[in-house]
Structure formats: C-alpha cells, structure tokens
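Asks: Okay, here's the prediction I keep looking at, along with the sequence it came from:
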2 protein chains.
Amino acid sequence: MAVFAIGAARPDTGGPGVAPRVDTGFMRITVLAGGVGAARFLRGLRAAAPDTQITVIGNTADDITLFGLRVCPDLDTVMYTLGGGINEEQGWGRAAETFSISGELAAYGTGPSWFTLGDRDFATHIVRSEMLAAGTPLSEVTRALCARWRTGVELIPMSDDRVETHVKLASGHESVHFQEWWVRLHAAGPVEAIIPVGAEQAAPAPGVIEAIAAADFVLFPPSNPVVSIGPILAVPGIRAAVAAKTVVGVSPIIGGAPVRGMADACLTAIGVETTAAAVAAHYGADLINGWLVDEQDKAIVDQAIDDPTLVGITVRAVPLFMRDLPATTAMAQAAIDLAQELAR
Amino acid sequence: MAVFAIGAARPDTGGPGVAPRVDTGFMRITVLAGGVGAARFLRGLRAAAPDTQITVIGNTADDITLFGLRVCPDLDTVMYTLGGGINEEQGWGRAAETFSISGELAAYGTGPSWFTLGDRDFATHIVRSEMLAAGTPLSEVTRALCARWRTGVELIPMSDDRVETHVKLASGHESVHFQEWWVRLHAAGPVEAIIPVGAEQAAPAPGVIEAIAAADFVLFPPSNPVVSIGPILAVPGIRAAVAAKTVVGVSPIIGGAPVRGMADACLTAIGVETTAAAVAAHYGADLINGWLVDEQDKAIVDQAIDDPTLVGITVRAVPLFMRDLPATTAMAQAAIDLAQELAR
C-alpha cells in the first residue's frame, strides 16, 4: 500500500465548486458524533478522504421512546445524511417526508405533540423497535439499518445500553428528558444539571474501543460538547481510549455563538463560556491535541500560546462554516492535516 | 317506553334511495362480527334501528403482529367503517391513505411484503401496540381507539387473550397464520384444518357475556362462519350464552358462492358445502333460530321445512346484496323483523 507524504503535491481534481479529492493514503479515522453538525462534517470528511476507513461513534443519549418506538435522532441524522435521505434544509428527518401518522396520532389524542415524526422516519423507528424487541442489540440494529443507506462509514452507537440525557431544571428541581427540554422547552434555563443517566453503568458497544484504538487519530466534529460528545465520553472506557490518541476537535462555536442549535444553553448549564476557547479548555489538553476555530476567532491561535487552560492544544484558524460540500470538505481536510501533523 | 307491534304500519320516511327509519322502540342487539361484511351490515343496522343499543363482539382471531405492531383487521374494519374512515372501495383500510412506510420497510428489506399497511392505518397499530405494551387489555385499547371514531356501537373484542387462527396445510403439514394463508396464499388448498389457536384457553373479554345475556336478540351478519364467527363461538362461554338467546343469521353465501372473500375455501376446509343451507345447518338449530337467505336462494325456505338438518330454523328470503346503505338497511331491518318474530 502506497503511503503518501503529507504535504506532497496533490492532484487537482477540478475547477471551482469541485471538492478537492486528495489521496492521503489509507487511514483509519474515528469520529465521535452528535447529530446535524457531525453528519455534515462527516460528509466533508468522506469527500476529503475517500480511501479512509471512517468509524463513527454515535451519541445515543438523546434517544427517546415515543409512541412505544425507539427513536435515535443522532444515529439517524448521520445515517440519513450520509445515505442521501436527509431533509437538507432542516438538517434532520427525511427528504420528501409525509406526516399522515402524526396527524392520526393527534386525532387519537396520543402525545407528545411537541415531537413530530414523519412517516418515512417512523419506518426506521418501527424496524429498529421490532429488532430491539427481538433482543437484537442497538449496534447490530444500526448496522442492519445502515446496510440500506450505504453511508460509506461504519456507524456504531456509543453503547448498546440505554443512556438518556436528563436535564434538571432549577425551577422546581424537575428533571426532564433532554428532548423535552430541547424541543418542547427550547432549551430554556436556568438549568441545575445535565446528566447522562445510565452512562456510568453503560459499556461501550462492541467495536467502539477497538475503533478508537486502531485509529490513526480521532476527530470531534462541531458537535455539542455537553449533550453530544459529552455523553459518549461519559461511557466508561471511552474517554481513556480517546485520550490515548491524537485528537483534533472542530469548534461548534463561532464568534461567541453556536453555529447551529442551542449549545450556548448547554454550556451555560455546565458553567462554560460560549466561546471557541472555553470549549477547547473544557475538553482540555489531556483529551484534545488540536483545535480548529473559525477565522473570525483567530485571536485564539495566539491566545492559546500563553493561556494556561489551552497549553498543549494546537489551535488553528480556518473557515468553519459548512455552507456547501466543498467548504465542508476543505474544513475536514484541515482537521486531517492538523491531526497528521500532531500525530507525527 | 313505547313498544311497537311487529308488522304495524311504519312511517314512510321518504322516496327511493332513502333508508327506511322505523321506530322499533328501544332494543339491545348484540352482533358477532368479522370484517368487511359485518361492518357494512352494521352500518345498515345502525340506520335501521337508530335508538338501539348495539354491542358488537369482534373477532380477533385474524389479528397478527407485523413489524412488531399488533394489527386487528376485523376490529379496525368495523371501527373505520362505522366511524367514516374506511376506504369504501376496498372495504378495509383507511380512506385517503398513503403508503410511505410500506415503501420504507421494503427498502429496509423488512417483511412480510405480502401484507401492506397504509400510513394512517399504521397509526392505529402504533397507538394500540403502545397501550398493549403498557399492559392495557385489548378491550380497553379498543374502547380508547373507538372514542375517536364515534362508531355509534359498542365494539368489544371477543377476548383480551390472544387467539390466532392458524391454517394447517395438507401439503407438508405446514401450519401458517390465517393472514398468511388468506392474503399471501390466496386461501389455496387443500387444507387439513383451520384452528383458532388459543381459543380454548381464552376468556371472553369483560362485557361480552353480559352483552349477549342482556340482548333482545343476537345477530350474525354475513361474516365468514369458519374464520370470523367460528373463533368467537370457540371462546369458552360465548357459544352457550349465544345459544340461550334468539339468534338470526344472515347468509354470507348467495347462489352457491361467497358474496365477498373466500369463505368457500374455509367451508371446504371444514367439509361444509358452499350453500346458504349448508351454512345454516353448520350453525344448527341449537344455535340459530332464524336464517336470512338471498331471494335467489328462496328454494331453501321450503326445503327447510323437511330438511332434518334445518328443522327448527326459520328461513326467510330477502335481498342480501349490500349494494348501498338503503339496501343494507332494509336487509338489517329484515333481520330485526325475523328476530323479533322469533323472540315473541
């Protein structure tokens, strides 16, 4: 197998708008993934490194049982996005979706009404629930579902055990499922704690630790550090396995605000500032080696040199808005480049 | 309460095409019901006797678990038909139906492909399955589902216990679920036996025996005697309760052929001729008191006088094709009339 030197001349594959396809040699990359941000990043990563074995460890802590069916929003967003079935505009759910079932469920007075599932999406949950009820572990179910979608990656849930992020609201000390807080309550605060219930008792799904150990490096896409990456790292054994590798993260915060979603509410809840620097410091140098920030946050590159919370983390500023596939591919390439530099 | 003499002058409610609405006084009628034929008959019965308390004991032996969801075809056909949600043309399933989910399930390679469920219909099965999984008995689930549909009748499943008709095929002695034989194999023979598995161990659902005992009379709509009415009667206690009442049945066979469906295959399987007379004899005079046959079978009216298998059964010939609501209402009225005559 040919191994190409990093920085060697790269074949130009086309004109403007064409994703640069670079033969970087065979690599194994393992990615910890949340939902929309991770899914889009992965599409870029797949384009940037087409010959690479990409293993995705998916967050399952936002999974929820609705209408008796097991819904895995993050796994499905990754699967649909890489499989070409995603609703591109909203970033989650299926394209060409219909909503007959939701209307019927409402007519039967069955809730919750704040979580609307499309008919095509329901099919995924029906297949998954049937397999789970038959005793098939979630990791095997996920593999079976992905067989249809030809995602080009191996998607493994972080655990076959049930982990569910619950949010403890300061008001009345009520604890609600993450999805209820996120979707129904629009991540309103104040929040006392965000707890991945069951994480401590969970075991990594088969293949998770192996994929991390075998990886040339590990990437954190621009996913929510608290409720997407956090729960994955909370499963015993995963954090240590990741920390043993070269890790490059992509900031989900640009210019003091989340690119998408309500990561600011999650960060506030755990006492972390909504800045690219604070998120890097939250992960810490014992976990991540490299950190990509957006060009508008490039001051952090110099700041990192002196900031004791960032010592040991190499920060690089590149365009982080995933506005199209070429931009996303370039960003993924920057993550690969930094990881390869740091891994040497 | 005014009780009108049978045969008294009836108010004419309108011209041609208008269902005759007759005040027959308050009655309690209990009906054992299969699917399409029963549902249509019940629509006529409701129109013929609007002030009547109609209790429907629904067959559940053709229920099946598909994709992990509990499907009750007969209960749903009655519910949708009386609730105005039925696909009128095919007689079962929902009007204005979409099929996103079935397409998705096929894309996932999940079977069976021979049983297609529509999206709206799926919603019913999702709600039912969720409630059953939570421990709610089928009779309560059915009441909850029917609350939406305002059927105008009380629909009770024959049993909260699981009974499933299985068909033992002569070829290879294979045993298949009724739906597989009916839908996938198109009721092909030869058949060694048709068995309502679990019936002997089942108990009537709450209210079933009470509704039969309290009824002025019991009606058998033109349902399949083997796989619709048969399983209901096979639940211990129901046959005896029915036999203690005045019972009028409507022949599902007209001119030697089933009006709808493949009752001939079922009758052949149990060694009964496909004639209106043979079906009456199959039920027997210890169970039914009156029997409506179509006008083209009116020879049976005279035949019954001498035929030892029909002694004790009053046969009457009336038009039995349920081509529209007025025709169906007239037919239901004929059943009421005969039952009231026999009950005197």
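Replies: It's in. This is a predicted model, so every value here is computed, not measured. Residues are numbered from 1 along each chain as shown, chains lettered A, B, ... in the order given.
Asks: now for the lengthiest helix in chain A, which elements pack on it?
Replies: Criterion DSSP state H: the longest helix present in chain A is helix A:325-343. Using 3 or more C-beta pairs under 8 Å, 6 or more residues apart in numbering or on different chains; DSSP states H and E, the elements in contact with helix A:325-343 are helix A:36-48, strand A:217-220, strand A:247-250, strand A:290-293, strand A:314-317. Placement of C-beta: from N, CA and C, glycine included.
Asks: I'd like these as TSV, with distance to chain B appended.
Replies: Converted to TSV, those look like this (distance: least, C-beta to the nearest C-beta, whole Å):
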stretch	distance to chain B
helix A:36-48	19
strand A:217-220	29
strand A:247-250	32
strand A:290-293	36
strand A:314-317	41
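Asks: Which parts of the longest helix of chain A count as buried, going by neighbours?
Replies: For helix A:325-343, a neighbour-count test (16 or more other C-beta atoms under 10 Å in any protein chain shown) marks A:325-326, A:328-343 as buried.
Asks: ok, now stretch A:268-276?
Replies: Quick answer for stretch A:268-276 (16+ other C-beta under 10 Å): A:268-269, A:272, A:274-276.
Asks: Look at A:Ser139 and say how many residues are nearby.
Replies: If you count neighbours by other C-beta atoms under 10 Å in any protein chain shown, A:Ser139 ends up with 21.
Asks: Roughly how far does it sit from A:Thr309?
Replies: Taking C-beta to C-beta, to the nearest Å as the measure, A:Ser139 and A:Thr309 are separated by 36 Å.
Asks: Tell me the confidence at the closest residue to A:Arg94 other than its chain neighbours?
Replies: Excluding the flanking residues, the one nearest A:Arg94 by C-beta to C-beta, 6 or more residues apart in numbering or on different chains is A:Arg120, at 4.0 Å. pLDDT, A:Arg120: 97.
Asks: got it, and A:Ala2?
Replies: 36.
Asks: Could you do A:Ala19 as well?
Replies: Reported pLDDT for A:Ala19: 48.
Asks: I'd guessed A:Glu192 sits against A:Glu174; true?
Replies: No - counting by C-beta atoms under 8 Å, A:Glu192 does not reach A:Glu174; the two are 9.7 Å apart.
Asks: any residues in contact with both of those two?
Replies: With contacts defined as C-beta atoms under 8 Å, 6 or more residues apart in numbering or on different chains, the residues adjacent to both A:Glu192 and A:Glu174 are A:Lys168.
Asks: Looking at those two, which one has more neighbours?
Replies: Shown here are A:Glu192 and A:Glu174; by other C-beta under 10 Å, A:Glu192 has more neighbours (15 against 12).
Asks: Now do the same contact list for that one.
Replies: Contacts for A:Glu192 (C-beta under 8 Å, 6+ apart) come out as A:168-170, A:173, A:269.
Asks: which SS state does it fall under?
Replies: strand (DSSP: H, G, I helix; E, B strand; the rest coil).
Asks: mind checking how far it is from A:Trp149?
Replies: Relative to A:Trp149, and taking C-beta to C-beta, A:Glu192 is found at 39 Å.
Asks: Then A:Ile313?
Replies: Taking C-beta to C-beta, one finds A:Ile313 at 35 Å from A:Trp149.
Asks: So which residues on chain A come close to chain B?
Replies: Within chain A, the positions adjacent to chain B are A:67-69, A:97-98, A:100-101, A:104-105, A:107-110, A:118-120, A:122-124, A:126-127, A:129-130, A:133-134, A:144-145, A:147-148 by C-beta under 8 Å from any C-beta of the partner chain.
Asks: buried subset of these?
Replies: A:67-69, A:97-98, A:100-101, A:104-105, A:108, A:110, A:118-120, A:122-124, A:126-127, A:129-130, A:144-145, A:148.
Asks: In contact with the closest residue to A:Ala234 other than its chain neighbours, which residues?
Replies: Closest residue in space to A:Ala234, ignoring its immediate chain neighbours: A:Ala199 at 3.9 Å, by C-beta to C-beta, 6+ apart. A:Ala199 makes contact with A:61, A:163, A:231, A:234-236, according to C-beta under 8 Å, 6+ apart.
Asks: okay, now A:Asp62: neighbour count?
Replies: Neighbour count for A:Asp62, taken as other C-beta under 10 Å: 25.
Asks: Model confidence score at it, please.
Replies: Confidence for A:Asp62, expressed as pLDDT, is 96.
Asks: pretty sure it contacts A:Trp181?
Replies: No - contact between A:Asp62 and A:Trp181 fails when scored by C-beta under 8 Å: they sit 10.3 Å apart.
Asks: who touches stretch A:253-262?
Replies: Residues contacting stretch A:253-262 (C-beta under 8 Å, 6+ apart): A:36-37, A:91, A:182, A:186-187, A:222, A:224, A:252, A:263-264, A:267, A:274-276, A:278-279, A:293-294, A:296-297, A:320-322.
Asks: Quick check: end-to-end length of that stretch?
Replies: By C-alpha to C-alpha, to the nearest Å, the extent of stretch A:253-262 from end to end equals 10 Å.
Asks: For that stretch, which residues meet the burial criterion?
Replies: Buried, per 16+ other C-beta under 10 Å, within stretch A:253-262: A:253-254, A:258-262.
Asks: Restricted to strands, list the residues you listed.
Replies: A:253-254, A:258 (DSSP state E).
Asks: Can you list the low-confidence ranges for the stretch 201-344 of chain A?
Replies: Within the stretch 201-344 of chain A, not a single segment meets pLDDT under 70.
Asks: tally of neighbours for the closest residue to chain B within it?
Replies: Proximity of the stretch 201-344 of chain A to chain B (C-beta to the nearest C-beta) peaks at A:Ala205, 20.5 Å away. Neighbours of A:Ala205 under the rule other C-beta under 10 Å: 23.
Asks: residue contacts, A:Ile54?
Replies: A:29-31, A:42, A:45-46, A:152-154.
Asks: residue ranges of the helices in chain A, please?
Replies: So, for chain A - with DSSP H - the helices run A:36-48, A:73-83, A:100-107, A:119-133, A:138-149, A:178-179, A:208-214, A:230-234, A:238-243, A:263-269, A:276-283, A:299-306, A:325-343.
Asks: Ok, which of those helices comes nearest B:Leu82?
Replies: helix A:100-107 (15.8 Å; C-beta to C-beta).
Asks: Which elements pack onto that closest one?
Replies: helix A:119-133, helix B:119-133.
Asks: Can I get those in a markdown table including distance to B:Asp216?
Replies: Converted to a markdown table, those look like this (distance: least, C-beta to C-beta, whole Å):
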| stretch | distance to B:Asp216 |
| --- | --- |
| helix A:119-133 | 44 |
| helix B:119-133 | 32 |
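Asks: Kindly reformat the buried residues of stretch A:268-276 as a markdown table and extend each row with distance to A:Asp76.
Replies: As requested, the buried residues of stretch A:268-276 are exported to a markdown table (distance: C-beta to C-beta, whole Å):
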| residue | distance to A:Asp76 |
| --- | --- |
| A:Thr268 | 28 |
| A:Ala269 | 25 |
| A:Val272 | 28 |
| A:Thr274 | 27 |
| A:Thr275 | 30 |
| A:Ala276 | 28 |
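Asks: Among the residues you listed, which pair sits farthest apart?
Replies: A:Ala269 and A:Ala276 (18.3 Å).
Asks: residue in the stretch 151-300 of chain A nearest to chain B?
Replies: For the stretch 151-300 of chain A, C-beta to the nearest C-beta, closest residue to chain B: A:Thr151, 14.0 Å.
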